[in-house]
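Undergrad: The sequence and its predicted three-dimensional model are supplied below.
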Amino acid sequence: MSELKQFIAASVQELKAYSDRRLVAIEESLNFYTDANAAQSRRQQTADQEIDQLRKETADLRQRVQEMELAEDRRQQERRLACLIFSGPAVQTHATREQAVRQIRSTVQQYLNHTLDSAQVRAMVRLQNGKVLVEFISAAPGSDRDILFRSKARLRGSGLFIAESLTPRRQAMFLDLLRLKREGKIHAAFTRAGDLLACRSSGSAPIRIANPEAVRR
């Protein structure tokens, strides 16, 4: 009987020791996973912060690029300010540059009662599409460039059209504005000193269009 009690006591002690070891192992495992989860959480938080920083830097870079593009576009447009583009059947049906230039002078004289001053013309270039780009020495008020552009509405019916020379960026936006006008979504679209302007209705004041987002609005 004494031996049985000793055996039972030994078995209980051994079981208790096993249970204690098992509990310690479980506790160590829990601590390990807790530490691992905490480390993972810290890594995730760090990664989220880095992603946010990268997004901010990307947005800042995009903003700087846009500002640089706008500044370059303004510089290009300023260089084009003294230029006008003559187009229409009165010009583009002629085979040679000389014929087209003579037709421009003749039409301007007939419809605007104005003689082009050769001293104010720096160059006349025939473009690939048949239009003629005329570069004047000045765009100041009272100059030939100024008189012709302000009087261009009087050329209606002549087959000659006068437009400002726009940068590719502004030309693309202007074509979008003209499309909106044809669709009846705006009343008018025109340019002035290289700026794009649009009127929502016949009685509304012109709105300056500075970027494609303004066109979409």
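TA: Structure's in. What do you need?

Undergrad: going forward, measure contacts and count neighbours with C-alpha atoms only.
TA: Fine.

Undergrad: Sticking with the residue nearest to T115 when sequence neighbours are not counted, tell me its helix or strand.
TA: Once flanking residues are discounted, T115 sits nearest to Q109: 5.5 Å by CA to CA, 6 or more residues apart in numbering. Per DSSP states H and E: Q109 is located in helix 97-112.

Undergrad: neighbouring contacts of that helix?
TA: 86, 90-92, 94, 114-116, 124-126, 132, 151, 154-155, 158, 160 (CA atoms under 8 Å, 6 or more residues apart in numbering).

Undergrad: ok, 6 Å please
TA: Here helix 97-112 makes contact (CA atoms under 6 Å, 6 or more residues apart in numbering) with 91, 94, 115, 126, 155.

Undergrad: Show the buried residues in the residues you listed.
TA: Buried by 16 or more other CA atoms under 10 Å: 91, 94, 126, 155, out of the contacts of helix 97-112.

Undergrad: Name all residues that make contact with the last one.
TA: L155 sits next to Y111 when contact means CA under 6 Å, 6+ apart.

Undergrad: confidence score at it?
TA: pLDDT for L155: 95.

Undergrad: any idea how far the helix or strand in which R43 is found is from the chain center?
TA: Here R43, judged by DSSP H and E, is contained in helix 2-80. How far helix 2-80 lies from its chain's middle: 39 Å, per CA atoms, centre = their mean, to the nearest Å.

Undergrad: what's the neighbour count on A123?
TA: Neighbours of A123 under the rule other CA atoms under 10 Å: 12.

Undergrad: Excluding chain neighbours, what is closest to E164?
TA: Per CA to CA, 6+ apart, closest to E164 is L84, 4.8 Å.

Undergrad: Show the contacting residues for K181.
TA: H187.

Undergrad: Tell me the first helix or strand C-terminal of whichever strand or helix holds it.
TA: Element membership of K181 [criterion: DSSP H and E] is helix 168-182. For helix 168-182, the following helix or strand on the C-terminal side (DSSP H and E) is strand 188-192.

Undergrad: Touching the following helix or strand past that following strand from outside, list them.
TA: Next helix or strand after strand 188-192 toward the C-terminus (DSSP H and E): strand 195-199. The contact list for strand 195-199, computed with CA under 6 Å, 6+ apart, reads 187-191, 206-209.

Undergrad: what angle separates strand 195-199 from helix 2-80?
TA: Relative orientation of strand 195-199 and helix 2-80, computed by axes from the mean of the first three to the mean of the last three CA atoms, to 10 degrees: 100 degrees.

Undergrad: Now do strand 195-199: distance to the chain's middle.
TA: Averaging C-alpha positions (CA atoms, centre = their mean) puts strand 195-199 17 Å from its chain's average.

Undergrad: tell me the mean pLDDT over it?
TA: Strand 195-199 carries an average pLDDT of 93.
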